[in-house]
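Student: Here you go, sequence then predicted model.
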Amino acid sequence: MSSVKMVEAPDGYSGAGFFATSLDEVIGLARSHSLWPLPFATSCCGIEFMATMGSHYDISRFGSERPSFSPRQADLLMVMGTIAKKMAPIVKQVYLQMAEPRWVMAVGACASSGGIFDTYSVLQGIDRIIPVDVYVPGCPPRPEQILEGLMQVQELTRNESLRRRNSDEYQHLLESYKIQ
Ligand code: SF4
């Protein structure tokens, strides 16, 4: 005879919809601790990212030590540095080649807004061409700020509904960037 005693589930841990809600949370937890960044580094902010990858700041504590230089194996596009208008189609192409779900971080003033380069040749923020989830301020941001940005993305990832990418709102967002 088994000595295992079955007990009733506590309040709030059973009932209709419980399984779906929990699946959301488990997948969100897994995603948030295994974000693979694609570092799109064009100038000085990229150097700060190199420090963030190093042993002192150690981005691997967040499960993100595996930089992907193939968009198809990356979840998080990190744009770090000045983006010239000529380079904008390349950034967009990289974004398009990433599979859903994907997140974007604009690291530093240049990627976020063009920074000090308010000039004809520089894109005044990557959100002119692709949707951005998190902006990291600074010129350059310190590694701590980049890690803070990563934690903000983790927060978004952890709490994102599995259905968000199929929602009308998300489709409208992509359509506003002429992305199908
Ligand atoms: S924000 Fe400042 S540090 Fe970063 S790429 Fe632009 S000029 Fe360089």
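Tutor: Received the coordinates, thanks. On a predicted model such as this, the values are computed, not experimentally measured, just so you know.
Student: how near is the spatially most central residue of the chain to V134?
Tutor: Most central in the chain under Cα atoms, centre = their mean is W103, positioned 3.2 Å from the mean C-alpha point. Using Cβ to Cβ, to the nearest Å, we find W103 at a distance of 8 Å from V134. (Each C-beta comes from the backbone N, C-alpha and C, glycine too.)
Student: list the residues that contact both of the two?
Tutor: Common contacts of W103 and V134 (Cβ atoms under 8 Å, 6 or more residues apart in numbering): 153, 156.
Student: For this structure, which residues are neighbours of the ligand?
Tutor: Applying Cβ under 6 Å from any ligand atom, we find that the chain lies next to the ligand at 43-45, 81-82, 108-110, 115, 139-140.
Student: Could I get those in a markdown table, plus columns for distance to L162, secondary structure and neighbour count?
Tutor: A markdown table is the format used below for those (distance: Cβ to Cβ, whole Å; DSSP: H, G, I helix; E, B strand; the rest coil; neighbours: other Cβ atoms under 10 Å):
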| residue | distance to L162 | secondary structure | neighbour count |
| --- | --- | --- | --- |
| S43 | 37 | coil | 15 |
| C44 | 38 | helix | 15 |
| C45 | 32 | helix | 27 |
| G81 | 33 | coil | 23 |
| T82 | 36 | coil | 20 |
| G108 | 31 | helix | 28 |
| A109 | 34 | helix | 21 |
| C110 | 34 | helix | 27 |
| G115 | 36 | coil | 21 |
| C139 | 37 | coil | 12 |
| P140 | 35 | coil | 23 |
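Student: Pull the longest helix anywhere in the chain out as PDB, backbone CA atoms only.
Tutor: For the chain, the helix that runs over the most residues, judged by DSSP state H, is helix 143-159. What follows is helix 143-159, C-alpha atoms only, in PDB (Å, rounded to 0.1, in the frame of the first residue of the first chain):
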ATOM      1  CA  PRO A 143      28.100  48.500 -18.400                       C
ATOM      2  CA  GLU A 144      25.800  48.700 -15.300                       C
ATOM      3  CA  GLN A 145      23.300  50.600 -17.500                       C
ATOM      4  CA  ILE A 146      23.500  48.000 -20.200                       C
ATOM      5  CA  LEU A 147      22.800  45.300 -17.600                       C
ATOM      6  CA  GLU A 148      19.900  47.400 -16.300                       C
ATOM      7  CA  GLY A 149      18.600  47.500 -19.900                       C
ATOM      8  CA  LEU A 150      18.900  43.800 -20.200                       C
ATOM      9  CA  MET A 151      17.000  43.300 -16.900                       C
ATOM     10  CA  GLN A 152      14.300  45.500 -18.300                       C
ATOM     11  CA  VAL A 153      14.100  43.300 -21.400                       C
ATOM     12  CA  GLN A 154      14.000  40.200 -19.000                       C
ATOM     13  CA  GLU A 155      11.000  41.800 -17.200                       C
ATOM     14  CA  LEU A 156       9.200  42.300 -20.500                       C
ATOM     15  CA  THR A 157      10.000  38.800 -21.600                       C
ATOM     16  CA  ARG A 158       8.900  37.200 -18.400                       C
ATOM     17  CA  ASN A 159       5.500  39.000 -18.400                       C
END
